[in-house]
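>>> Using only what follows, build the 3D model:
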Amino acid sequence: MGNSEIGNNVDYISTLQQEFELSYKLIRKGLGNLQKIDYSNDFYFLPLLLLSQGIERFLKSYIIAYRIENDNEELFPRTLKTHSLVELLKNIKENYYGTGTRDVDIEDEQYLSNVYLNQLLNILSDFGNNGKYYNINHLIDSDSVSPISRWEKLEEALVPLAELEYSKFFDVETRNEYYKKVSNKIVIIIEKFLSILSRQHIFGQDSKVFLGATMANFSAFECMYDRDYGKTDYAIEKRECDSDFVAHRRTFINKIKSFVFYKSKKISKFQHEDEWPFKSDSVILESRNKKHYIVIIDGCEYALNGKTSSQLKLPTPNKGGCVIGCKSTDKFLKIAQCL
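Residues are numbered from 1 along each chain as shown. Have a look, this model is predicted:
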């Protein structure tokens, strides 16, 4: 390999990493703003804009990364000029998606043809292409269809307003439950879609080292399976990285304060019936006046939720490197909340 070729590869990696990072941030922001939709906030424009941009960038970068890894001379084919997410996904399925031998791989491939997924991608495609100018287009062509109305029809299809839901929708106390249920359904569709494609560089027919290196920040989706979908609160404004937050090593005074003022519970890997997420064999959960929730691992304090992390300046156990892979610690937060 010549110096110029090596230089090109380094430049490709750097550029694609930036593009994947941008798409990841747009998607997370889009999901977060989607989760904020409720009876008093119907600003659908922002999540639609962010998700359409983020997913389009992800799919195009994904295709380019595959073409680079396979030494394809035409790295940027004309097909990449489309704004259609459906067409981009079709391109990936026909040319770059390789089904593995596991049952889960076959199920993943089948999901890429899911009716609601393709309906969602169609709406986002139209929005990214022209729909974001709907009001202007409507002045020119009164027959144009609002992307927001199409989105609302998708919501109704995902969570039909049955008699019980209909009554909740018009009840001041419960009407936001409907919005939360709808947004969660759509979040799950997007999470599953991204996780299926993100796992390809590991479980596809051929290992794709270049793809894995360039889209490393999508490992959060890569590690998701059915039990994980719909569990992440993207609406919480998190720091881009908890690197500024350092785990607090407990002192004797801390231990006394915990004993006197807070409620705690020690849990062992061997006592816990469900999947154990921590690298350590035992942890201590602590509830501080039902306000902050802590997990103590090997004598250091970590935050179990975003509010605790931001207010006490503590990293989460995931960010602190105390969790195996990307396993969820949500069950331990619930245990701490019950103390």
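>>> contacts and neighbour counts: CA atoms only from here.
OK.
>>> Report the secondary structure state of residue 296.
Under DSSP: H, G, I helix; E, B strand; the rest coil, the three-state class of residue 296 is strand.
>>> what about the residue nearest to it when sequence neighbours are not counted, is that helix, strand or coil?
Among residues not flanking residue 296 along the chain, residue 284 sits closest, at 4.9 Å (C-alpha to C-alpha, 6 or more residues apart in numbering). Put simply, residue 284 is strand when judged by three-state DSSP.
>>> Bridged to residue 284, which residues?
Under DSSP bridges, the beta-bridge partners of residue 284 are residue 266, residue 296.
>>> Check the burial of it by counting its neighbours.
The number of residues packed around residue 284, counting by other C-alpha atoms under 10 Å, is 18.
>>> That one against residue 266, yeah?
Yes - if you go by C-alpha atoms under 8 Å, residue 284 and residue 266 touch, sitting 4.3 Å apart.
>>> for the chain, what spans make up the strands?
Remark: strands assigned in the chain by DSSP state E are 248-249, 263-268, 282-288, 292-297, 300-303.
>>> export these to a markdown table and tack on distance to residue 19 and mean pLDDT?
As requested, those are exported to a markdown table (distance: least, C-alpha to C-alpha, whole Å; pLDDT from 0 to 100):
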| stretch | distance to residue 19 | mean pLDDT |
| --- | --- | --- |
| strand 248-249 | 35 | 84 |
| strand 263-268 | 42 | 90 |
| strand 282-288 | 38 | 91 |
| strand 292-297 | 35 | 92 |
| strand 300-303 | 30 | 90 |
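>>> Can you add distance to residue 122 and give these back as JSON lines?
Shown next, in JSON lines, are these (distance: least, C-alpha to C-alpha, whole Å):
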{"stretch": "strand 248-249", "distance to residue 122": "47"}
{"stretch": "strand 263-268", "distance to residue 122": "47"}
{"stretch": "strand 282-288", "distance to residue 122": "45"}
{"stretch": "strand 292-297", "distance to residue 122": "41"}
{"stretch": "strand 300-303", "distance to residue 122": "39"}
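>>> These: which one's closest to residue 53?
Closest approach to residue 53 among the strands of the chain (C-alpha to C-alpha): strand 300-303, 32.2 Å.
>>> which residues are contacting the closest one?
247-250, 292-296, 309, 314-317, 320 (C-alpha atoms under 8 Å, 6 or more residues apart in numbering).
>>> Tell me, how many residues neighbour residue 195?
20.
>>> per-residue confidence for it?
At residue 195, the pLDDT value in this model is 91.
>>> I would like a PyMOL command selecting only the buried ones among the contacts of strand 300-303, please.
This is the PyMOL syntax for the buried subset of the contacts of strand 300-303, where burial follows 16 or more other C-alpha atoms under 10 Å:
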select buried, resi 247+292+293+294+295+296+309+314+315+316+317+320
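>>> between the contacts of strand 300-303, which is nearest residue 33?
For the contacts of strand 300-303, the nearest to residue 33 is residue 309 (20.7 Å; C-alpha to C-alpha).
>>> Could you give the number of residues near the nearest residue to the closest one once chain neighbours are set aside?
In space, residue 309 comes closest to residue 303 once its chain neighbours are excluded; the distance is 5.0 Å by C-alpha to C-alpha, 6+ apart. Counted with other C-alpha under 10 Å, residues neighbouring residue 303 total 28.
>>> and residue 303, what are its bridge partners?
Applying DSSP bridges, one finds that residue 303 bridges with residue 294.
>>> how much space is there between it and residue 222?
Separation of residue 303 from residue 222 (C-alpha to C-alpha, to the nearest Å): 23 Å.
>>> pLDDT value on the residue nearest to residue 226 when sequence neighbours are not counted, please?
Distances taken as C-alpha to C-alpha, 6+ apart place residue 192 nearest to residue 226, at 7.9 Å, with adjacent residues excluded. As predicted, residue 192 sits at a pLDDT of 94.
>>> what does residue 239 give?
For residue 239, pLDDT reads 44.
>>> quick one, what contacts the residue nearest to residue 88 when sequence neighbours are not counted?
Nearest non-adjacent residue to residue 88, counting by C-alpha to C-alpha, 6+ apart: residue 59, 6.5 Å away. Shown in contact with residue 59 (C-alpha under 8 Å, 6+ apart): 85, 88, 89.
>>> and with 10 Å instead?
Applying C-alpha atoms under 10 Å, 6 or more residues apart in numbering, we find residue 59 in contact with 20, 23, 65, 80, 85, 88, 89, 91, 92, 194, 197.
>>> so where do the helices sit in the stretch 151-300 of the chain?
163-169, 175-198, 200-203, 209-214, 219-222, 252-261 (DSSP state H, counting those that start in this stretch).
>>> could these be laid out in a markdown table, adding distance to residue 132?
Output for the helices of the stretch 151-300 of the chain, formatted as a markdown table (distance: least, C-alpha to C-alpha, whole Å):
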| stretch | distance to residue 132 |
| --- | --- |
| helix 163-169 | 28 |
| helix 175-198 | 20 |
| helix 200-203 | 32 |
| helix 209-214 | 30 |
| helix 219-222 | 27 |
| helix 252-261 | 53 |
